[in-house]
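Chemist: Could you look at this predicted model? Sequence included:
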Amino acid sequence: MEHTPHTISDVMTQTVVAVGQEAPFKEIVETLEQWKVSALPVLVGEGRVIGVVSEADLLLKEEFRQSEPNRMEQLRRLDDVRKAGALTAGELMSSPALTVHAGDTIAQAARTMAFKSVKRLPVVDSAGLLQGIVSRSDLLKVFLRSDEDLAEEVRTEIVGRLFGDSSKDLEVTVTDGVVTLHGTVRSTSLLPVATRLVRAVEGVVDVTFDVTEPTPATTGQPVAGAPF
């Protein structure tokens, strides 16, 4: 299909705030506050990403400020205890960094964020050099596509190709991102396939059907709202 899938390059932010691995603790806090972000890529050399330092990493110093963890807790949270005593970005960062490439799909980035419970991912090139950053809010930008744009893509890229000549008997409407197919189809056997394809269009919230299947004796029985 021509329109999808969208890639990270379509939604990423190219202006990125980052720190070097020798950046001190207080500078990291000040940078996070100044730019209103929750994490920073850590760079070396000409901009190669080697890790990410986040608010969560920094807060460990506060967590362990008033009490020393017991032996059991030290063993269970060895990395957290180490970070609580860290002074620089290189000591604080999570490494290696979770990253994505500009050509990766939005779905790939969304899965990584969900599985790893992170809010943003550095975007790097093949050499690991920083190209941008993508956040959860960036990934949601696909849902800002207009209903007209979604309808046109579903109409031309899915209905037209899947149903062929009979596509002229199907009307596609979209309201608030919900796609509805109205009309007549020769066989409802293709509807589960249509459902999967329409839901795969980035920006689509859901898909419903208001269609009939003609029979020799009648114009057809309604199958509106049938689940697939």
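Modeler: Happy to help now that I have it. Numbering: from 1, shown residues only.
Chemist: Might you list the low-confidence residue ranges for the protein?
Modeler: Applying pLDDT under 70 to the chain flags residues 1-5, 214-228.
Chemist: residue ranges for the strands of it, please.
Modeler: Per DSSP state E, the chain carries strands over the ranges 19-20, 39-44, 48-54, 100-101, 120-124, 130-135, 170-175, 178-184, 206-213, 221-222.
Chemist: want to throw the ones you listed into a markdown table with mean neighbour count and distance to D147?
Modeler: Every C-beta, even on glycine, is put in place using the N, C-alpha and C of the backbone. Rendered in a markdown table, the data for the strands of the chain read as follows (neighbours: other Cβ atoms under 10 Å; distance: least, Cβ to Cβ, whole Å):
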| stretch | mean neighbour count | distance to D147 |
| --- | --- | --- |
| strand 19-20 | 18 | 42 |
| strand 39-44 | 23 | 34 |
| strand 48-54 | 22 | 37 |
| strand 100-101 | 19 | 29 |
| strand 120-124 | 24 | 29 |
| strand 130-135 | 22 | 25 |
| strand 170-175 | 17 | 4 |
| strand 178-184 | 19 | 9 |
| strand 206-213 | 18 | 13 |
| strand 221-222 | 10 | 24 |
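Chemist: Just give the closest residue to the residue nearest in space to the middle of the chain, not the sequence neighbours.
Modeler: Nearest to the mean C-alpha position of the chain, by Cα atoms, centre = their mean, lies A110 at 2.9 Å. Once flanking residues are discounted, A110 sits nearest to L139: 5.4 Å by Cβ to Cβ, 6 or more residues apart in numbering.
Chemist: That neighbour touches V11, doesn't it?
Modeler: Yes: assessed by Cβ atoms under 8 Å, L139 is found in contact with V11 at 6.5 Å.
Chemist: which residues are common contacts for the two?
Modeler: Common neighbours of L139 and V11, counting by Cβ atoms under 8 Å, 6 or more residues apart in numbering, are I106.
Chemist: now the residue nearest to A110: how far from E153?
Modeler: Distance of L139 to E153, computed by Cβ to Cβ, to the nearest Å: 19 Å.
Chemist: if we can go back for a sec, how about the contacts made by the residue nearest to A110?
Modeler: So L139 contacts V11, I106, A109, A110, M113 (Cβ under 8 Å, 6+ apart).
Chemist: Then V205?
Modeler: F143, D176, G177, V178.
Chemist: ok, 6 Å please
Modeler: G177, V178 (Cβ atoms under 6 Å, 6 or more residues apart in numbering).
Chemist: how far away is it from E148?
Modeler: Separation of V205 from E148 (Cβ to Cβ): 15 Å.
Chemist: still on that earlier bit, could I get the strands of the chain as CSV with distance to T31?
Modeler: Formatted as CSV, the strands of the chain follow (distance: least, Cβ to Cβ, whole Å):
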stretch, distance to T31
strand 19-20, 6
strand 39-44, 6
strand 48-54, 10
strand 100-101, 22
strand 120-124, 15
strand 130-135, 14
strand 170-175, 42
strand 178-184, 42
strand 206-213, 41
strand 221-222, 60
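Chemist: Which of those sits closest to T195?
Modeler: strand 206-213 (5.6 Å; Cβ to Cβ).
Chemist: so P122 sits right up against I50, yeah?
Modeler: No: P122 is beyond contact range of I50, at 10.2 Å (criterion: Cβ atoms under 6 Å).
Chemist: could you pull out the helices for the protein?
Modeler: 8-11, 25-35, 55-63, 71-76, 78-84, 89-92, 106-116, 136-139, 147-153, 160-163, 191-199 (DSSP state H).
Chemist: just these: most buried one?
Modeler: Burial of the helices of the chain is given as mean neighbour count (mean count of other Cβ atoms under 10 Å); helix 89-92 ranks first at a mean of 22.
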